[in-house]
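Novice: coordinates only, no sequence provided:
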């Protein structure tokens, strides 16, 4: 997957950056100023060679024999991931899972704010009130453009997912976190990450059978 | 990853079985009795050679020129995945995300029932009432053994995840769906699938930056 003007960096490297970032944050909390590549790799559950290879995509870090400056490396990774500032995200499809994610505080803690939700039926009765406004789909394109939003969480039923995804892309969304259990076809420049909780359980189920 | 007495089947093949299973279910709903490997592969978003290779791990299916019997292949995949019957699952850590997942109906629809939840503080005040009982951690081992439960959803804070995971494994759990943003170290025979929603967003964030 290519990002504009960047070398072609493996998607798994980007996932591991997130892990390194969390390990570095914990080191900072504990007042640790420098860390060896061996120690950081161990905390992240990877081999030191893997860590060094991943970081090499983004420049030169660390001093032989001294290791990495925790604060400096942490800052650099956050800049690369775009998490050095709070990023606005929208959520589309306010059913059970959508409603659950609207109240999930883990996103904000990590630098993402769900600023608005959209649903084909914004007024229907729901288990609880979301703190975010819920709009009809007709309001989506204008809000995405006005607030320059790039990312959307998609929690609509499988049957609606492709159509809604097309609508998101037309409005200017370039990254979709898709919870609908379906493969969405979109232009190459749009990034789709699929999360399917039932499939994760099925996968476990296979391996836990006797 | 090896399952007892089974050939060594790639984890990604098992993920794709879940996708094939969903495509076959949709074909059945539409009253379609047979499907070519080309058509099924297209619906699943994979190449026909990949589909045939994946299915070959589980025996011989399909007839050249006629394709697959939808009902037969669907049944066989459900048996392999262990989703031909409702499977009990426990959830540990009833914070915001845990509570959200307890009310998520998508699991039951796919063959998984969260039968009980556990928390270090089962009585603390929560946003809403779960339909499942919430017990203290001291009740966990007995319930897992009595009901022969193999799978757990782990939604505790990162700092508690390793200790709780050890406790789960000691009780007999062999598959963990881990939402805690930490790498858990467990015996080889225990399967851990990690879902980190913030990391998925960070990954998208990297690719959506201009």
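Specialist: That came through, no problem. Note that the structure is a prediction, hence the values are computed from the model and not measured. Residues are numbered from 1 along each chain as shown, chains lettered A, B, ... in the order given.
Novice: give me the domain ranges for chain A.
Specialist: A:11-80, A:87-201 (automatic domain parsing).
Novice: identify, out of the ones you listed, the most deeply packed stretch.
Specialist: domain A:87-201 (a mean of 18; mean count of other C-beta atoms under 10 Å in any protein chain shown). Any C-beta I mention is one placed from the backbone N, CA and C, and that applies to glycine too.
Novice: OK, contacts around residue A:147?
Specialist: By C-beta atoms under 8 Å, 6 or more residues apart in numbering or on different chains, residue A:147 lies in contact with A:88, A:115.
Novice: in chain A, which spans are strands?
Specialist: A:34-35, A:68-69, A:87-92, A:112-118, A:134-135, A:151-154, A:175-178, A:191-194 (DSSP state E).
Novice: returning to that earlier point: dump the domains of chain A to CSV, plus mean pLDDT.
Specialist: Listed next are these as CSV, based on pLDDT from 0 to 100:
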stretch, mean pLDDT
domain A:11-80, 89
domain A:87-201, 90
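Novice: in chain A, what residue lies closest to chain B?
Specialist: residue A:100 (2.9 Å; C-beta to the nearest C-beta).
Novice: what residues are up against the nearest residue to that residue once chain neighbours are set aside?
Specialist: Among residues not flanking residue A:100 along the chain, residue B:100 sits closest, at 2.9 Å (C-beta to C-beta, 6 or more residues apart in numbering or on different chains). For residue B:100, the contact set (C-beta under 8 Å, 6+ apart) comprises A:97, A:99, A:100, A:101, A:103, A:104.
Novice: just checking, the last one touches residue B:179?
Specialist: No: here residue A:104 lies out of contact with residue B:179, judged by C-beta atoms under 8 Å, at a distance of 10.1 Å.
Novice: which residues do these two both contact?
Specialist: B:97, B:197.
Novice: pull the contacting residues for the closest residue to residue A:195 other than its chain neighbours.
Specialist: Distances taken as C-beta to C-beta, 6+ apart put residue A:179 closest to residue A:195, at 5.4 Å, once the chain neighbours are dropped. Listed by C-beta under 8 Å, 6+ apart, the contact set of residue A:179 reads A:97, A:153, A:154, A:155, A:194, A:195, A:196, A:197.
Novice: quick one: residue A:179 from residue B:174, how far?
Specialist: Noted for residue A:179: a distance of 26 Å to residue B:174, by C-beta to C-beta, to the nearest Å.
Novice: before we move on, back to that, how about the strands of chain A in CSV, adding distance to residue B:60?
Specialist: Converted to CSV, the strands of chain A look like this (distance: least, C-beta to C-beta, whole Å):
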stretch, distance to residue B:60
strand A:34-35, 53
strand A:68-69, 53
strand A:87-92, 43
strand A:112-118, 47
strand A:134-135, 51
strand A:151-154, 38
strand A:175-178, 34
strand A:191-194, 30
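Novice: the ones you listed: which one's closest to residue B:43?
Specialist: Nearest to residue B:43, of all the strands of chain A, is strand A:191-194, at 15.4 Å by C-beta to C-beta.
Novice: partner strands of that closest one, parallel or antiparallel?
Specialist: Paired neighbours of strand A:191-194 in the sheet (DSSP bridges): strand A:175-178 (parallel).
Novice: what about the helices in chain A?
Specialist: A:11-29, A:37-44, A:48-56, A:70-81, A:96-102, A:106-109, A:140-146, A:158-171, A:197-208 (DSSP state H).
Novice: quick one: the last one near chain B?
Specialist: The one in question is helix A:197-208. Yes: using C-beta under 8 Å from any C-beta of the partner chain, helix A:197-208 reaches chain B at A:197, A:198, A:199, A:200, A:201, A:202, A:203, A:204, A:205, A:206, A:207, A:208.
Novice: and that helix, what other elements does it pack with?
Specialist: Using 3 or more C-beta pairs under 8 Å, 6 or more residues apart in numbering or on different chains; DSSP states H and E as the contact test, the elements touching helix A:197-208 are helix B:11-29, helix B:70-81, helix B:106-109, strand B:112-118, strand B:151-154, strand B:175-178, strand B:191-194.
Novice: the second one now?
Specialist: Counting contacts by 3+ C-beta pairs under 8 Å, 6+ apart, helix A:37-44 packs against helix A:11-29, helix A:48-56.
Novice: so can I have JSON lines of those showing distance to chain B?
Specialist: What follows is the helices and strands packed on helix A:37-44, written out as JSON lines (distance: least, C-beta to the nearest C-beta, whole Å):
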{"stretch": "helix A:11-29", "distance to chain B": "4"}
{"stretch": "helix A:48-56", "distance to chain B": "13"}
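Novice: which one of these lies closest to residue B:133?
Specialist: Set against residue B:133 and scored by C-beta to C-beta, these come closest in helix A:11-29, at 32.6 Å.
Novice: between helix B:158-171 and that closest one, find me the angle.
Specialist: 110 degrees (axes from the mean of the first three to the mean of the last three C-alpha atoms, to 10 degrees).
Novice: list the contacts of helix A:11-29.
Specialist: Contacts to helix A:11-29, defined as C-beta under 8 Å, 6+ apart, come from residues A:1, A:35, A:40, A:43-46, A:50-51, A:54-55, A:57, A:70-71, A:73-74, A:77-78, A:80-81, A:83, B:158, B:181-183, B:196, B:198-199, B:202-203, B:206-207.
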